[in-house]
Every structure is written in C-alpha cells, then in structure tokens.
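Asker: Provide a 3D model corresponding to the input given below.
(chains A and B)
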Amino acid sequence: EAGVTQFPSHSVIEKGQTVTLRCDPISGHDNLYWYRRVMGKEIKFLLHFVKESKQDESGMPNNRFLAERTGGTYSTLKVQPAELEDSGVYFCASSQERVGQGLRTNEKLFFGSGTQLSVL
Amino acid sequence: EDKVVQSPLSLVVHEGDTVTLNCSYEVTNFRSLLWYKQEKKAPTFLFMLTSSGIEKKSGRLSSILDKKELSSILNITATQTGDSAIYLCAVEPISSNDYKLSFGAGTTVTVRA
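Answerer: Numbers count the residues shown, from 1 in each chain, chains lettered A, B, ... in the order given. This is a model prediction of the structure:
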C-alpha cells in the first residue's frame, strides 16, 4: 500500500517568492491534514480537509497560506508571498476515520515524509 | 490552548541501556495520547493510550498513561542504534475536530554503539 507522499521533499526559495507544496494521501482516505514544524518548535496543526471541504483551517497562520483539495484527492498548500518565518517542515497526514469518531485504537493517522521549506 | 511538554529534550545513551521518556499534557476534553517515532522522515505511529494504568507493549518499547498525573512515559529497553530518533508525544481531544493533534517538541534520542 502506498503511503502519504509529499512533493517536493525540499524547497529553497527567496523571500517574496511563491511555493506550492503537494500532498497525495493514501488512496481512499477522506481526511487530509496539514501540519508544520518551524525551527525549534512543536508540530502544529494547520488545517483539515474532509474530501474536498475544509473542515477546520483554524491553524493557518495568515492569508498568505492557501490550501486546496480539488476533487477530494491530492491537496496543495501554497505560500504566497513566502516570508522568512515560513521556513520549516510541512507535514501532510491522512486518515480514513469519520470525523467525530476519533482515532480508533487500531487505526492511525498516517504522515508523509514532509517538505522541508527554506525561505532565504 | 492545549499544551504538551516532553522531557528530556534530548539524551544520549549507549546500546543496551534503558531509556524513559516523559510526556505531560494539559488538554481540554482529553481523548487519547499518542506516541510517534520520527527518524529521518515521516513520523510513524507507536502507541495510542486512552486508559490509565494499562501498559502497551511492542517489542522493546512500552508505554503507559496516568490520567491522574496527566502524563505518560515511553520506555525503550536494551536500546539499539536503530532506536535513534525523535520521539513525539501528541494528545487528541474530544471535539468537533478530533484530529487536531497537539504535539510536544519531541525528545531526541541518540543511541551510540
């Protein structure tokens, strides 16, 4: 079974440029999440999709960040324009559970390998 | 805001040693606590704990939750170099968006041969 895949694995851009990160969840997983870890800090929730709908985007830092999940399959996270403080690792995760049921004991949230974003 | 604190932040041990990692939390409407292992890439799931006092084991790893103390420990016995990783603790709340995990900063474990 293919896992959660993210592209690119690394991105180095200059301040003011635009970057688009992509996440392909595990096939059949309706729930897709974006998290990020900035230097020295904890992994923080950004937003949650159920299929193509945004369930919760309360963790998005500001309006320079735009996430989409057209067709309810893969998702993109665009940062425009990028700022220095956006540097970090952006993780995507997916899950099959229904919202409101929580993570079942034997089921898990599957993470991708992350995109390391460096804004210079 | 939910809070998860892990300790120590890092440690270095030798192969064969036993390691104990700590996680304490403050969360509204707790549902579960999860442990992940992050090597070079994706965090991988280790344990989910929902009930106090019930130890979960997987090989040389074990974990237990203490809801009274709002904490959990992760033990690794007979450590190997392959156990070198960042160990992440996260809590899952009961809420309308119950996947909004709150993570600790992680404990970096280095096992030397």
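
Asker: Would you point out which residue is most central in chain A?
Answerer: Note on chain A: the residue nearest the mean C-alpha position is A:Trp34, at 2.5 Å, using CA atoms, centre = their mean.

Asker: Who are the packing partners of the helix or strand harbouring that one?
Answerer: According to DSSP states H and E, A:Trp34 maps onto strand A:31-37. Counting contacts by 3 or more CB pairs under 8 Å, 6 or more residues apart in numbering or on different chains; DSSP states H and E, strand A:31-37 packs against strand A:43-50, strand A:75-79, strand A:88-95. Just so you know, the C-beta spots here come from the backbone N, C-alpha and C atoms, and that holds for glycine as well.

Asker: on that earlier part again, for the residue nearest to the centre of chain A, give its distance to chain B.
Answerer: According to CB to the nearest CB, to the nearest Å, A:Trp34 and chain B sit 11 Å apart.

Asker: Report the contact partners of that residue.
Answerer: A:Cys23, A:Phe45, A:Leu46, A:Leu47, A:Ala67, A:Ser75, A:Leu77, A:Tyr90, A:Phe91, A:Cys92 (CB atoms under 8 Å, 6 or more residues apart in numbering or on different chains).

Asker: Enumerate every residue touching the residue in chain A that chain B sits nearest to.
Answerer: Residue nearest to chain B within chain A: A:Ser113 (3.6 Å; CB to the nearest CB). Neighbouring residues of A:Ser113 by CB under 8 Å, 6+ apart: A:Thr5, A:Gln6, A:Ser9, B:Lys41, B:Ala42.

Asker: how about the residues you listed in JSON lines, adding secondary structure and neighbour count?
Answerer: Formatted as JSON lines, those follow (DSSP: H, G, I helix; E, B strand; the rest coil; neighbours: other CB atoms under 10 Å in any protein chain shown):
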{"residue": "A:Thr5", "secondary structure": "strand", "neighbour count": "16"}
{"residue": "A:Gln6", "secondary structure": "strand", "neighbour count": "24"}
{"residue": "A:Ser9", "secondary structure": "coil", "neighbour count": "12"}
{"residue": "B:Lys41", "secondary structure": "coil", "neighbour count": "14"}
{"residue": "B:Ala42", "secondary structure": "coil", "neighbour count": "20"}
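
Asker: just those: which has the poorest pLDDT?
Answerer: Among the contacts of A:Ser113, B:Lys41 carries the lowest pLDDT, at 82.

Asker: If I look at the closest residue to it other than its chain neighbours, what pLDDT would I see?
Answerer: The shortest distance from B:Lys41 to any residue other than its chain neighbours is 3.6 Å, reached at A:Ser113 (CB to CB, 6 or more residues apart in numbering or on different chains). A:Ser113 carries a pLDDT value of 94.
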